[in-house]
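Chemist: Structure for the following, please:
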Amino acid sequence: MVIRNIIIPVVAAAGVAFAVYTAKSSNRPVEPAQPVAPPAKSPYEQPIAGAGLVESSTQNIAIGTNLPGIVTKVFVKGGDKAKAGDPLFTLDDRSQRAEVLVRESSLLVARAAEMIAAENLGKLRALPRKEELPPMEARVSEMEAMLSDLRAQLGNIESVTDARAVAREDIDKRRFAVQAAQARLVESKTQLELMRAGAWKPDLAIQQSQVDSAKAQVQAAMAQVESARTDLDRLTVKAPVDGTVLQVNIRAGEFAQAGPLTTPLMLFGNTDVLHVRVDIDENDAWKIKPGAKASANLRGNSALRTELTFVRIEPFVVPKRSLTGDSSERVDTRVLQVLYAFKDPAFAVYVGQQMDIYVEGAQAK
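Modeler: Numbering: from 1, shown residues only. All right, here's what the predicted structure looks like:
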């Protein structure tokens, strides 16, 4: 009984003391955390502050591929310079190379057919051949001489006055021979005229249509070859402009998908002149004037500053996407994006890096 009267009050008093201590400790002011680096200061009297994201002057180009396939070779790595048209990576092209060979063979066949048709047309147009006329003319002369001889023989027989000296059958044979010789002479003369006249116009028209058809087939075959070569060339992805490879997300042996991707196969852009895309809160958008002066401070070292050159204002206010990590930042804010450029700063700056931007604001009227 005595122990109970002593222990319970002691425990209660200890609990009260602990509660008082805890309450006092929780009410102490929290010391703010020291910043990693001193904050940047604006050089302007009426500054507009904004977060800037560094990008290439061509904007960051997400390299894609026209056709899906297995990557066989990657020609570049991050940081490499490339000229417009330089290969970046290539896909498996064995099937397309075989298709090009098939199309080229078809083109050779079509050209051979065109050559044969053109030669046949040339032969028709070249008629008559000079070496063919003398034999035919000689044939006509021979027929004329033969006809003259047979007529002379017929005249001799018919001049005999004594009917008993010549048989009637011999006279008829001579007459029939003359008639046959006349027919052969007419035939020879007709053939000679046909030869001298050259090719028949309908034959020329038919052969010309064959030549035109052969030319059309050659054109179609050439188009098929060009199409196959284009498909082959599309399997090699090339640099769209002069620039720098910013990021490589594809390796040999991996499957490259066509179309827009969440993670691009490569990032590419011209970094000779860098741009910084500044997000200006829509509440401060009215203060921004084209050509306004601006400066950028590097995060982590506010002493590193560079002057910026105005490029343009993108006149479409968009939802804010680039977050700075500030606890007071609102994610539902809409921003006006302003682009500034800078070249060869005294410190290293990389694409994708955030900078603290101060823009000289317009005075309220």
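Chemist: where are the low-confidence patches of this protein?
Modeler: 1-6, 8, 10-11, 23-39, 160-167, 322-332, 363-365 (pLDDT under 70).
Chemist: How is it partitioned into domains?
Modeler: Annotated domains of the chain cover 38-57+273-360, 61-92+235-266, 98-231 [automatic domain parsing].
Chemist: Residue 21 is nearest to which of those?
Modeler: domain 38-57+273-360 (30.1 Å; C-beta to C-beta). Where you see a C-beta, it was placed from the backbone N, CA and C, and this is true even at glycine.
Chemist: Just checking the distance from that closest one to the centre of its chain.
Modeler: 36 Å (C-alpha atoms, centre = their mean, to the nearest Å).
Chemist: Can you lay out the domains of the chain as a markdown table showing distance to residue 15 and mean neighbour count?
Modeler: Formatted as a markdown table, the domains of the chain follow (distance: least, C-beta to C-beta, whole Å; neighbours: other C-beta atoms under 10 Å):
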| stretch | distance to residue 15 | mean neighbour count |
| --- | --- | --- |
| domain 38-57+273-360 | 37 | 16 |
| domain 61-92+235-266 | 57 | 16 |
| domain 98-231 | 84 | 14 |
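Chemist: Dump those into CSV; add distance to residue 14 as well.
Modeler: Converted to CSV, those look like this (distance: least, C-beta to C-beta, whole Å):
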stretch, distance to residue 14
domain 38-57+273-360, 39
domain 61-92+235-266, 60
domain 98-231, 86
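Chemist: Residue 198: what's its closest spatial neighbour, skipping adjacent residues?
Modeler: residue 127 (4.3 Å; C-beta to C-beta, 6 or more residues apart in numbering).
Chemist: brain fart, residue 137
Modeler: Nearest to residue 137 is residue 192, by C-beta to C-beta, 6+ apart, at 6.4 Å.
Chemist: likewise residue 118?
Modeler: residue 211 (5.5 Å).
Chemist: That neighbour sits in which helix or strand?
Modeler: Per DSSP states H and E, residue 211 falls inside helix 201-234.
Chemist: Could you do residue 100 as well?
Modeler: helix 94-126.
Chemist: Same check on residue 317?
Modeler: strand 305-319.
Chemist: Which neighbours in the sheet does the helix or strand following that strand have, and how are they oriented?
Modeler: Note on strand 305-319: by DSSP H and E, the next helix or strand toward the C-terminus is strand 334-342. Partners of strand 334-342 in the sheet, by DSSP bridges, are strand 274-281 (antiparallel), strand 305-319 (antiparallel).
Chemist: possible to save those strands as CSV with distance to residue 69?
Modeler: Shown next, in CSV, are the strands paired with strand 334-342 (distance: least, C-beta to C-beta, whole Å):
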stretch, distance to residue 69
strand 274-281, 33
strand 305-319, 35
